[in-house]
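Student: turn this into a model:
(2 chains)
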Amino acid sequence: MSPMRLICRHDLRLLMRNHKMLGSFALGIGIILLLVLANAKERGAAELAGPLLFLFVGAAVAAPISVAVHGVVGEKERRTMEPLLLLPISAGALVAGKALVTLLLSLAGLAFVYLVAFLTLPLVGGEAAAGALTDPRLIYTACVLAPLSVIPFSLLALAVSARAPDAQTASATSFIILVPVWVVLFGVWMGMIGVNQRFLGVSTVVLLGLCWLTFAVAVRSVDPEALIRRRK
Amino acid sequence: MIELHDVERRFGHRVVLHGVTLRLEPPGIVGLIGDNGAGKTTLMRLVAGILRPNSGTVRVFGRNPYVERAAVLRRVGALIESPGHYDELSVRDNLTYFFGFYANGDRTAVARHVDANIERFGLAAVTDTRAGELSSGYRQRLAIARAVHPWAELMLLDEPFNTLDPRSRNEIKVELRRLREDGKLILLSSHQLADVQQLCDTILVIAGQRVHQFQSFEQIRELLDSDPGEDLDAVYALLADRLAAKGGVS
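Tutor: Just a heads-up that it's a prediction; the model follows:
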């Protein structure tokens, strides 16, 4: 088994035992879901595209921050970071393994949200609302944009956590990084930013660029010397 | 196996190691002693490739450990400073996770070596106990069992006898001697000078930012002007003061 898969499987196992974190993740998704359902009554299918996009991207990016922060700060707090650095693994494998955990959790959250929306939207908003779920823009968002947006934000959270002295600082800094995303999503929700092909195309290109950039930043940030020096 | 040439390491303006040149070959147990903060852990981290020297060169198995860390660490077992464990996981699961990185996917080999180390390091009674519920002595045993893995040719053990009772210390010493007979090289730091005297073929003393190499405490005694008596701590203190005052000559 590759080091990346070993790290990913191990971190997932630890995460499944962290009920507090899983609970807060479920609560966050639940709140966004309720907001969308509340809007489904008042809006037609066309107007639901924005809130649903908000729901899917929001559900996808909500988890990575806490999970990534826990993945690095948790290692530092339990003093397993140095034993981990003494293993024959590259910084890239370490970062990729930890980022993969957040991606898998986000995909699971996304699938859950899509399923719940698929089952509840017709009941709350009628056939028109249910039709919004099969909108190609929304399917593209759920299948491409949302998973793609997880990667840079989880990598950024990993990088921040590697340099932060504690979990609170790491979480706070990581959430600040997410502010631009929430601003864009809020604009989409309010109808100020149109969800058209151009928007989806530009978002995809920007996210792909961010994936590459943030991976480089994250790998640099888990430089063992930097981690040891900061701990001193 | 380990070669350092004119190595200097600073933290900010503080020079921890200066002009360190040494060469260590297997098999053997090399004792590393020095005051708190003298640079023992720093030296081990330089060898493990976790720290980079400010000047000079470090070679382990002929490679630069900082640049080729993964390749070097594949043949190194290390316990440096803190015995951190995954407290939620059992002793067996902790070892299985760490050994998995060396076994190239061979789960049977991992299970076999985990069982062997559980037996060798006296962890059989706590195999399924979560690491977070272990006493400090067992935590230390687990850390040693993790570091002394079968794929290692070089072992870096930073104060391995900390928190161990006399019986456990003796058992670990027996294991370390067996590893030496198997042709391994063990670099071991300790403040327990009696253990160093019993175990080690070579003694490295870090004082005045330099590393000084001796074959035994007897050789150290011969160098001293005054007789410190039988107490090894007194022998060390006298030597360290002398070396620090001289600025040290390797």
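Student: which residue ends up closest to the midpoint of the chain in space?
Tutor: Going with chain A. A:Val61 (2.6 Å; Cα atoms, centre = their mean).
Student: the chain in question should be chain B.
Tutor: The C-alpha lying nearest the average C-alpha coordinate of chain B belongs to B:Leu157 (Cα atoms, centre = their mean; 2.3 Å).
Student: residues contacting A:His10?
Tutor: B:Tyr86, B:Tyr97 (Cβ atoms under 8 Å, 6 or more residues apart in numbering or on different chains). C-beta: built from backbone N, CA, C; applies to glycine.
Student: pLDDT score for the residue of chain A found nearest chain B?
Tutor: Distances between chain A and chain B by Cβ to the nearest Cβ are smallest at A:Arg79, namely 3.0 Å. For A:Arg79, the pLDDT comes out at 86.
Student: now it: which helix or strand?
Tutor: Using DSSP states H and E, A:Arg79 maps to neither a helix nor a strand.
Student: pretty sure it is touching B:Ile80, no?
Tutor: No: using Cβ atoms under 8 Å as the test, A:Arg79 is too far from B:Ile80 to be in contact (10.8 Å).
Student: rewinding a little: now do the phi/psi pair for the residue of chain A closest to chain B.
Tutor: phi 60, psi 30 (degrees, to the nearest 10).
Student: need the three-state assignment for the residue in chain B positioned nearest to chain A.
Tutor: Per Cβ to the nearest Cβ, B:Gly84 is where chain B lies closest to chain A, at 3.0 Å. Under DSSP: H, G, I helix; E, B strand; the rest coil, B:Gly84 falls in the coil class.
Student: what about it, neighbour count?
Tutor: 19 (other Cβ atoms under 10 Å in any protein chain shown).
Student: then A:Leu15?
Tutor: A:Leu15 has 22 neighbours, counted by other Cβ under 10 Å.
Student: for it, what are its contacts?
Tutor: A:Met21, A:Leu22, A:Val67, A:His70, A:Val101, A:Leu105.
Student: recalculate using a threshold of 10 Å.
Tutor: Contacts of A:Leu15 were listed using Cβ atoms under 10 Å, 6 or more residues apart in numbering or on different chains, and they are A:21-22, A:25, A:63, A:66-67, A:70-71, A:74, A:101-102, A:104-105.
Student: got it, and B:Gly100?
Tutor: B:Gly100 touches A:1, A:3, A:5-7, A:9-10, A:87, B:106-107, B:109-110, B:114, counting by Cβ under 10 Å, 6+ apart.
Student: what of A:Ser161?
Tutor: Contacts of A:Ser161 (Cβ under 10 Å, 6+ apart): A:65, A:68-76, A:98, A:167, A:169-171, A:173-174, A:218, A:221-222.
Student: A:Ile20: which element?
Tutor: One correction, residue A:20 is Lys, not Ile. helix A:19-42.
Student: check the offset of the helix or strand following that helix from the chain's centre.
Tutor: Downstream of helix A:19-42, the first helix or strand assigned by DSSP H and E is helix A:49-77. Centre-to-centre, helix A:49-77 and its host chain are 3 Å apart (Cα atoms, centre = their mean, to the nearest Å).
Student: B:Asn170 and B:Leu164 touch, don't they?
Tutor: Yes: taking Cβ atoms under 10 Å as the definition, B:Asn170 is a contact partner of B:Leu164 at 9.2 Å.
Student: mutual contacts of the two, please.
Tutor: What both B:Asn170 and B:Leu164 touch, as defined by Cβ under 10 Å, 6+ apart, is the set B:Asp195.
Student: and those two? Which one has more around it.
Tutor: Neighbour totals were compared for B:Asn170 and B:Leu164, and B:Leu164 leads with 20 against 13 (other Cβ under 10 Å).
Student: test my guess that the more buried one contacts B:Gln192.
Tutor: Yes: using Cβ under 10 Å, B:Leu164 makes contact with B:Gln192 at a distance of 9.4 Å.
Student: test my guess that A:Ala159 contacts A:Leu227.
Tutor: No: in this structure, A:Ala159 is not within contact of A:Leu227 by Cβ under 10 Å, at 11.7 Å.
Student: more crowded one of those two?
Tutor: Set side by side, A:Ala159 and A:Leu227 show more neighbours around A:Ala159, with 26 against 20, by other Cβ under 10 Å.
Student: A helix includes the more buried one, no?
Tutor: Yes: counting by three-state DSSP, A:Ala159 is found in a helix.
Student: give the next helix or strand downstream of whichever strand or helix holds B:Gln197.
Tutor: Under the criterion of DSSP H and E, B:Gln197 resides in helix B:193-199. Downstream of helix B:193-199, the first helix or strand assigned by DSSP H and E is strand B:202-207.
Student: so is that following strand next to chain A?
Tutor: No: for strand B:202-207 and chain A, the contact criterion (Cβ under 10 Å from any Cβ of the partner chain) is not met; the two come no nearer than 17.9 Å.
Student: ok, that strand: who's next to it in the sheet?
Tutor: strand B:28-34 (parallel), strand B:210-214 (antiparallel) (DSSP bridges).
Student: kindly check the end-to-end length of stretch B:22-39 for me.
Tutor: Start-to-end span of stretch B:22-39 (Cα to Cα, to the nearest Å) is 15 Å.
Student: host element of residue 92?
Tutor: Just so you know, I chose chain A. helix A:91-132.
Student: meant chain B actually
Tutor: Secondary structure from DSSP H and E places B:Arg92 in helix B:91-99.
Student: check whether that helix contacts chain A.
Tutor: Yes: Helix B:91-99 reaches chain A (Cβ under 10 Å from any Cβ) through B:Asp93, B:Asn94, B:Thr96, B:Tyr97, B:Phe98.
Student: show me how far that helix is from its chain's centre.
Tutor: Relative to the chain's own centre, helix B:91-99 is displaced by 21 Å; criterion: Cα atoms, centre = their mean.
Student: part of a helix, is B:Gly77?
Tutor: No: assessed by three-state DSSP, B:Gly77 does not belong to a helix; its assignment is strand.
Student: now do the contacts for the nearest residue to A:Val113 once chain neighbours are set aside.
Tutor: Spatial nearest neighbour of A:Val113, excluding adjacent residues (Cβ to Cβ, 6 or more residues apart in numbering or on different chains): A:Ala59 at 4.5 Å. Shown in contact with A:Ala59 (Cβ under 10 Å, 6+ apart): A:25, A:28-30, A:32-33, A:106, A:109-114, A:116-117, A:142, A:146.
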